[in-house]
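Trainee: Any chance you could fold what I've pasted below:
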Amino acid sequence: MSHNQGTSREAAISLRRLMPRLEERFAGRTDEAAWKAYSIRVRRHFPRLFELLYRLYGEQYDFFYHLERALRIATQMWLARRDELKALDALKEVDNQWFQSSRMLGAVCYVDLFAGDLAGLREHIPYLRELGVTFLHLMPLFRSPKGDNDGGYAVSSYRELEPRLGNMEQLAALADELRLHGISLVLDFVFNHTADDHDWARQALEGDEERQAFYRMFPDRELPNQFERTLRPIFPDEHPGAFTYHSRLRRWVWTSFHNYQWDLNYANPAVFNAMAEEMLFLANQGVEVLRLDAVAFVWKRLGTSCENLPEAHMIIQAFNALVHLAAPATVFLSEAIVHPDEVIKYIGEDECQLSYNPMLMALLWNTLATRDVTLLRSAMEQRFAIPAGCAWVNYIRCHDDIGWVFSDDDARALGIEPRDHRRFLNDFYIGRFEGSFARGLPFQEDPVSGDARVSGSAASLCGLEQALAAQDAAAADLAVRRILLLHGVILTIGGIPLIYLGDELGTLNDYHYSEDPQKDGDSRWVHRPRFDWESAARRHDPETPAGRIFHGLLQLIQLRQQNLAFTRSETEIVDTGNRYVFGYFRRNASQSVLVLANFSEAPQVLEARRLRLLGLRKVLADLVAGQTIAAVRELQMDPYQLRVMVGTT
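Mentor: Numbering: from 1, shown residues only. Predicted coordinates for the structure are as follows:
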């Protein structure tokens, strides 16, 4: 008998034993039809859950206790789920690829910086609707420590919000109202670590051995030293290594990120179950997408980098199985800012249906600096395709820094030395490179190695800040064109485009963050200013950069949402024959378009022969310009122009 056959047999036996106990305990709490439907889901997804948990924890003496506990948690949380959310479950089980619609447009913001609090955000729903938003990611709003809290990513409680923002009842009401307007709510599930003032951590500090086992703690430096031989420091400016000494515990605590963020110990099945319950609680507030933070770090093994280990995938897949049981309308968004070959491993219908595309983000900025699309085209040809039933979330800027996460092998294949090229990109966007249009700041810069990442708003990195300071109208025009070009690519290349709110108005860097002692030293706050509602009030003035950017984006968003070629369609990267012009087809059974993007500030020409080879006719329609073009000998493109062409055979 094979291992899989043996596991399947054990899963079937376990379920036969568990189902009567579940029915006895829970079936009477709902009607017969609902329980029957739930039981069908259990029988469908339990074998996968069993196999994953058995591989993770099967050698532990109390495995079957924790297995039953996981199933009971899922059942309890399903019973607690409101009827309207169960109706949403049924709807999205029928259309489980709803996120592949061309109607999808993402936006991300901090609640306090965008609207003050949840009540204020509800008042600004009309603004989101005007922009066309259907997918709203609210940055962490859970209760977190005062002072240092990593922008909310140090979570003190998954069931309480920061009081100044609102409460859980208001969050659930907001989710309901957003849904009425066709907007799915996205929240972070910070599951690699908790804040050091979380109840579990407090109990651990008080000597509770069960809670101490929720974290990774060591009595001396012997094992931490062995681990650190193969670990990379994440925030070397703050503390070397990955461990923090706590005198009260007299132990070294694993802290991959900041010393106030304690890594959870997923080798303990009680941790898995406790976090599963928190996850399903969030789903029951009406959250439709859970952004899984720091997915690469959740499992540790001596002698490895402790990143992207197979068990990390098993943890997420087991969470996925539980969500399919208790809240099937909920999908996962992977946040894996790692090597492109590792990013793809988190994507799948049984793991994370959605994933950020950090490589596309990095290579768009790379291409803007070099003007050469060769590396972008080569990487996208190899790495853009993902499993059916999944989607990229494509972005230009977010709350975080820009890291140059392209493949070294891809660069070397084109004669590019990766280390030198990353240093060039840092210098270009920090403004140290002669002729650069960008104004960014270094983040976590190592003066010895030259390694760094880049902070800055999209507009400042695209040259608008520099142009306005110099009162250079021509440079400002080029900057606006760059902003629209980058957004044009993420809106058309395939996946969910995500706008960092404020970028649609050309928001510039805000250097006042350094006046706040709690933010000083973290340059990422330069691109986290308060939303400028005065600028938003001028968004319909075409004489202002904000007006040009806003209306240019609206045009591109409407083009995407109204064109069938961008719904459930495939992307094919093509060689345009011009090193400055990036090109790709979007096609499905009903329509096909060719997207062309000029990454140069100079006009470019594409040979008509090349267009014929790609299947285009002599007479083409450009959906962006609203023009019919006769490309008999050549097709001309203006500086930083985006064309969406129809007229293919």
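Trainee: where in this protein is pLDDT low?
Mentor: 1-6, 648-649 (pLDDT under 70).
Trainee: For the nearest residue to His193 once chain neighbours are set aside, list each beta-bridge partner.
Mentor: Among residues not flanking His193 along the chain, Gln261 sits closest, at 4.3 Å (CB to CB, 6 or more residues apart in numbering). Placement of C-beta: from N, CA and C, glycine included. Counting by DSSP bridges, Gln261 forms beta bridges with Ala195.
Trainee: so how many other residues sit close to Gln261?
Mentor: 27 (other CB atoms under 10 Å).
Trainee: if I read this right, it contacts Asp196, doesn't it?
Mentor: Yes - here Gln261 reaches Asp196: they are 7.3 Å apart, a contact under CB atoms under 8 Å.
Trainee: Report the set of residues contacting both of the two.
Mentor: Jointly contacting Gln261 and Asp196 under the rule CB atoms under 8 Å, 6 or more residues apart in numbering are Ala154.
Trainee: show me what contacts the nearest residue to Gly456 once chain neighbours are set aside?
Mentor: Counting by CB to CB, 6+ apart, Gly456 lies nearest to Gly440, which is 3.3 Å off, once chain neighbours are set aside. By CB under 8 Å, 6+ apart, the contact list for Gly440 reads Ile402, Tyr429, Ile430, Gly431, Val454, Ser455, Gly456, Ser460, Leu461, Asn509.
Trainee: for stretch 418-438, which positions count as buried?
Mentor: Across stretch 418-438, burial judged by 16 or more other CB atoms under 10 Å covers 421-431, 433, 436-438.
Trainee: what's the closest of those residues to Ser569?
Mentor: Leu425 (31.4 Å; CB to CB).
Trainee: roughly how far apart are that closest one and Asp196?
Mentor: Taken as CB to CB, to the nearest Å, the spacing of Leu425 relative to Asp196 amounts to 35 Å.
Trainee: try Glu417
Mentor: 42 Å.
Trainee: which one's the longest helix in the chain?
Mentor: The single longest helix within the chain, with elements called by DSSP state H, is helix 32-57.
Trainee: angle of the helix or strand that that one is followed by against helix 32-57?
Mentor: Helices and strands here follow DSSP states H and E; after helix 32-57, the next one along the chain is helix 63-79. Helix 63-79 runs at 140 degrees relative to helix 32-57, counting by axes from the mean of the first three to the mean of the last three CA atoms, to 10 degrees.
Trainee: in helix 63-79, what's buried?
Mentor: For helix 63-79, burial by neighbour count (16+ other CB under 10 Å) applies to 64, 66-67, 69-78.
Trainee: more crowded one of Glu417 and Asp196?
Mentor: Asp196 (23 against 12).
Trainee: contacting residues around that one?
Mentor: Taking CB under 8 Å, 6+ apart as the test, what Asp196 contacts is Pro145, Ala154, Asn259, Tyr260, Gln261, Trp262.
Trainee: Now for Leu178: which residues touch it?
Mentor: Leu178 neighbours (CB under 8 Å, 6+ apart): Ile125, Leu136, Ser184, Leu185.
Trainee: Format the residues you listed as a markdown table; extra columns: secondary structure, distance to Gly389 and neighbour count.
Mentor: Below are the contacts of Leu178 laid out as a markdown table (DSSP: H, G, I helix; E, B strand; the rest coil; distance: CB to CB, whole Å; neighbours: other CB atoms under 10 Å):
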| residue | secondary structure | distance to Gly389 | neighbour count |
| --- | --- | --- | --- |
| Ile125 | helix | 30 | 18 |
| Leu136 | strand | 23 | 25 |
| Ser184 | strand | 17 | 25 |
| Leu185 | strand | 22 | 22 |
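Trainee: which two of those lie the greatest distance from each other?
Mentor: Ile125 and Ser184 (13.3 Å).
Trainee: Check the burial of Ala119 by counting its neighbours.
Mentor: Around Ala119 there are 13 residues (other CB under 10 Å).
Trainee: That one and Gln170 touch, don't they?
Mentor: Yes - counting by CB under 8 Å, Ala119 touches Gln170, with 7.0 Å between them.
Trainee: now Leu441, nearest residue through space, not along the chain?
Mentor: Closest to Leu441 by CB to CB, 6+ apart is Ser523, at 4.1 Å.
Trainee: I'd like a version of the buried residues of helix 63-79 in a markdown table, one that adds distance to Phe531 as further columns.
Mentor: Shown next, in a markdown table, are these (distance: CB to CB, whole Å):
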| residue | distance to Phe531 |
| --- | --- |
| Phe64 | 51 |
| His66 | 45 |
| Leu67 | 47 |
| Arg69 | 43 |
| Ala70 | 41 |
| Leu71 | 44 |
| Arg72 | 43 |
| Ile73 | 38 |
| Ala74 | 38 |
| Thr75 | 42 |
| Gln76 | 39 |
| Met77 | 35 |
| Trp78 | 37 |
